[in-house]
Every structure is written in C-alpha cells, then in structure tokens.
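Would you be able to build a 3D model of this:
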Amino acid sequence: MTTIASGTDTLTRDALTVLQPGFPGTTAPDWLLRRLGEGLASVGLFGRNIASPEQLASLTAQLRAERDDVLVAIDEEGGDVTRLEVRTGSSFPGNHALGAVDDVALTLEVAAELGRRLAECGVNLNWAPSADVNSNPANPVIGVRSFGADPGLVARHTAAYVTGLQSAGVAACTKHFPGHGDTAVDSHHALPRIDADPAVLTERELTPFRAAIAAGTRAVMSAHILVPALDPARPATLSPRILTTLLREELGYDGLIVTDGMEMQAVAATYGIERGSVLAVAAGADAICVGGGLADDETVRRLRDALVTAVRTGELPEQRLADAAERVRALARWTATAAHGTAAAGTDEAPARAGRSTGRADVGLIAARRALRLTGGDGFTPVTDPPYVAALTPVANIAVGDETPWGVAAELGRLLPGTGTGGFTGAEAGHEALVAAGERRIVAVVRDEHRHPWMTAALDTLLTARPDTVVVEMGVPQAPPRGALHIATHGAARVCGRAAAEVIAGATPA
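Below you'll find the model as predicted:
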C-alpha cells in the first residue's frame, strides 16, 4: 500500500504530489525515497539514470517499494531523443521517419513495441509523442522530432502513436501544447514566439492536439512559447487562457497537464522556477516537470514551499492545487489498471486489446528501412571496400543531447570492416575531410544541411573534388539532394544508420 508520512498535512502532500522531479544516479537517493513517503507521486527519468533495461527495472522496483502507485516518467521519443538507449542509439526511428512512411498501422505498432519495452522496465508515463507541426524548416529544436509539416499527417500519426503507446499500459504525454513547430528559437535557451493568427493556429498547430485528445491521450505537455494571438503576456505554460480556456474548455481535454521542464531558460530566466511553478499551477497545469538540469532535494523543497506559501497567501487557490494533485493520482490509478489489462490481454483466456502490438521486436528497423528515400544513384554500385565516413557534425540541441551516437560509421564498419571515420565542423570541414579520407571512397553524413551554411560549403568542397561521394542526410531533408547517391533517413537513430549502411554496402537486409 502507498504510505504517507504521518504529520504531513494535506496541503503539503498536494504540493509534493504535483511535482515531477528528476534525480541523479542509477539508484534512487535517500531523499527521493523520503519524499515519496511524504506525498511525492511522480519522478522523471533521463539518460543519466539508465545503464541497462535490467538496471532500470531494478530502479523502478526500488521506487515502487516506497510508493506502489508512483508515476515513473521518461522522455523516450525514439529516434534522436532516446533515454532508454542513450549510449547506443535508438532501436526505433523517430517521428519524421514514421511520417515519411505515412503508414498509421506501422506508427501504432512502433509505439506499442516501444511502450511494451518501457512497461517491462517499470516506466508508465512517456513524455511523447511530439505533436508539433514542423512548419518552420529553420526550427532548431523540433525538426525530425515532428511527424512532418502537414497538419493532417501529423494529426493521424499522433493519434496512432497515442493509441499504440497506451495499448502497452504506458500513458502518452502529447507535446508541446499549443505547438512548438513554427519557432526559430530553442526554448531551452530563450523564449520562442509564434506570430500566427488564430485561424492559422486552429488549422495548423491545434489539429494534432485535437486528434490526440480524441485518441484519449492521458497527458498533454505545455510549451514554453509565447503565442500573442492567444495570450500576448505569458508563455503557454503560465497562461490561463491557453491551458484552461483553450485546452480545457474549448478543446474539452480533462486529462493531466504537465509542464515542460521548468528549469528551461524560456521560463526560468524571466520568472524563476519557484514563481514559474506557482503561475503554471494557477494557469491550469497539474504536474510540474523539473529535473533535466536541476535534480536535488533542495529544488523539491523550494518548489513545495513556494506552492504552499502561494496557497496560504491567497495567490494560488487551494482547490486548484487539490484538483491538480487529484489528476496526478487519477493518472496513477489509470496506469495500474492499464498495466493489469495489458497483462491480461496477453493471456490465452483474454482477447487481445484493440491496437495491441503484434510483437515484432524488429519493427523499428523495418520502419527505418521503409523511411529511406534515395535520390540519384543511377548506375550506383554498392561500396565494397572500406570507405571513409565524414560526419559533418552540428552542435546537438539539449533535447537530443550529445551522449547518443549517431551516423552510419558504426553500421558501415560492421558490414565493411576497416571503415574509417571522423567528425568535422566549421569553415574548413570539407578540406579537412578530404585530407583525412585519402584515397578512400567518401560517405558524407549531414544533419539538417539546410540550417548550416558551413555544412553546405563542406559538401560543395567534397563533391567538387570527389563526385562519387555518397551523401546521407539524417536530419530534415530540406536541402536539394546531391551526390553520387543521396540517402534521406529522416532521423539519426541507430536503426536509421543501419538502414542507410545496408544500401551503401549492398547488404541484403536480415
């Protein structure tokens, strides 16, 4: 049974219940276990917390030994943003690859299999999928995390993803409301602004969220973005007009509203995390996500006390905090029921649940292969001698991180032992790659070439000197394709690299 420390009053319990903190390490620290006993109901996991599926299962079991109904959340989008496979690269392509295939049954199956793996490890809330319409190709933080630039396509795949994930007993958290796709600023660093009029927002940004709500998404994550047509003063996470009037009342959503990380500079730099958290709950948020960068007991205490003080001074209605805490508990109850139902659906006595995964463990690789788009290559003969892979490497955004390997070198090395590789950045990248490659065939790997002029210049240099260069675009394929063969993978997951390597080496898929 769930235990709450005696002497912890209802207000303090509720304040702890709405927090969703991270923590360091691969085992739960004592302070976190103590807070779970006092009323904390959620934790957030990141790459730093995960060494293996077995270790993760032990960690979640440790948390549940303290509080059996704890919500264990993770930022596992698959594709470029992976925590479960942070050190190897994901076994699943991301949203952009799934959107390129445009097979909603495949998207549902991928999400269900990903959900199954999370559930096996004891994770029951996934901060995914991204329902953002990537309408601005210059977007520095969404990109391949989006299913695409067409609202209808994004909507149908968002709904399929929600259905697949939740069929495994893992709650989906559709993000980033009301839509982060038309931004040119990363909200980890500053406050983005979307200057679209209400009609455009309704037909573009909100269409996928309406589909997610119709599909029964159990959670929605707010975005730290300013949308003047909806609220000229406050970012969405802190806006009653956006979270309560629009999301709750107009769109009819009644599930959990989770904030994006409150330590992100779009909120923290202006409001601070304590003030920002109070304003978020007052605006309609139910769970405060914090811990991507801040992960200690002092942060939890500060946020708890800020919420309690805000209630006692009349700034935050006590009923609003109580309602938020109850939504957290309601989601915890759903995950327990859903997990039981999923287990039952796998028995001989119970029928399979609608939308349940068929259990193809390699469905991620299958999807990655289907997502490839090849241009040129007439008369292309597979590379048989070990090539040189020149990775033209941009700075990774914070959501993706720089821990996760990407590219095709490792997979090509498996198929063609002796493959060389190097990473290159900046004005001299092309010349440096030519020198490093020597006489070997060059495979140039890029990521969002259209956003990086230095990358375009490097490719110009490589292709002028070596027209037989193969180009692999692992970001959004916005730039004109070129090279002896151009392969667009629509993402940089490990399976995307493997699918591209198979084509380059002429390997028959296993």
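
which regions of the stretch 51-200 of the chain sit below the pLDDT cut-off?
185-189 (pLDDT under 70).

where do the strands sit along it?
Remark: strands assigned in the stretch 51-200 of the chain by DSSP state E, counting those that start in this stretch are 71-74, 125-126, 171-177.

Of those strands, which stretch is the most buried?
Stretch with highest mean neighbour count among these: strand 125-126 (a mean of 29; mean count of other Cβ atoms under 10 Å). Every C-beta, even on glycine, is put in place using the N, C-alpha and C of the backbone.

Backbone dihedrals for G422, please?
The phi and psi torsions at G422 (degrees, to the nearest 10) take the values phi -160, psi 150.

tally of neighbours for it?
16 (other Cβ atoms under 10 Å).

So it versus R414, what's the distance?
Distance, G422 to R414, by Cβ to Cβ, to the nearest Å: 18 Å.

In this protein, which residue is most central in space?
E77 (3.7 Å; Cα atoms, centre = their mean).

OK, contacts around it?
Applying Cβ atoms under 8 Å, 6 or more residues apart in numbering, we find E77 in contact with G94, N95, W127, A128, P129, S130, R145.

What of S146?
N95, H96, G99, S130, D132, V133, N134, V154, G181.

Can you check the pLDDT for the nearest residue to T456 once chain neighbours are set aside?
Using Cβ to Cβ, 6 or more residues apart in numbering and skipping residues adjacent in sequence, the residue nearest T456 is E449, 5.8 Å away. Note on E449: pLDDT of 96.

do R360 as well
In this model, R360 is scored at 84, pLDDT.

surely it meets I366?
Yes: here R360 reaches I366: they are 7.0 Å apart, a contact under Cβ atoms under 8 Å.

Please compare these two by neighbour count and tell me which comes out ahead.
I366 (18 against 14).

So that one: helix, strand or coil?
At I366, secondary structure determined by DSSP: H, G, I helix; E, B strand; the rest coil is helix.

and it, what is it in contact with?
Counting by Cβ under 8 Å, 6+ apart, I366 touches L106, R360.

quick one: it from L106, how far?
Look at I366 and L106: by Cβ to Cβ, they are 8 Å apart.

Out of the contacts of S146, who's the most crowded?
Neighbour counts for the contacts of S146 peak at N95, which has 33 neighbours (criterion: other Cβ under 10 Å).

Rebuild the strands of the stretch 51-200 of the chain as CSV, extending it with distance to P453.
What follows is these, written out as CSV (distance: least, Cβ to Cβ, whole Å):
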stretch, distance to P453
strand 71-74, 36
strand 125-126, 36
strand 171-177, 28
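
Kindly list the longest helix within this protein.
Secondary structure assigned by DSSP state H gives helix 318-345 as the longest helix of the chain.

buried residues in it?
320-322, 324-325, 327-328, 331-332, 334-335, 338-339, 342, 345 (16 or more other Cβ atoms under 10 Å).

Pick out the lowest-pLDDT one from those.
A345 (50).

just the contacts of S146 now: which is nearest N49?
Closest approach to N49 among those (Cβ to Cβ): S130, at 21.4 Å.

my guess is that closest one contacts V144, does it?
No: if you go by Cβ under 8 Å, S130 and V144 don't touch, sitting 9.7 Å apart.

still on that earlier bit, ok, the residue nearest to T456 - how many residues close by?
Counted by other Cβ under 10 Å, the residues lying close to E449 total 26.

mind listing what it touches?
Taking Cβ under 8 Å, 6+ apart, we find E449 in contact with L392, M455, T456, L459, E473, G475, Q478, A479.

Could you say which of those residues is surrounded by the most neighbours?
E473 leads those on contacts (other Cβ under 10 Å) with 28 neighbours.

who's it bridged to?
Counting by DSSP bridges, E473 forms beta bridges with V446, A488.

Next, the angle from the longest helix of the chain to strand 171-177.
130 degrees (axes from the mean of the first three to the mean of the last three Cα atoms, to 10 degrees).

Please consider this matter closed, and thank you.
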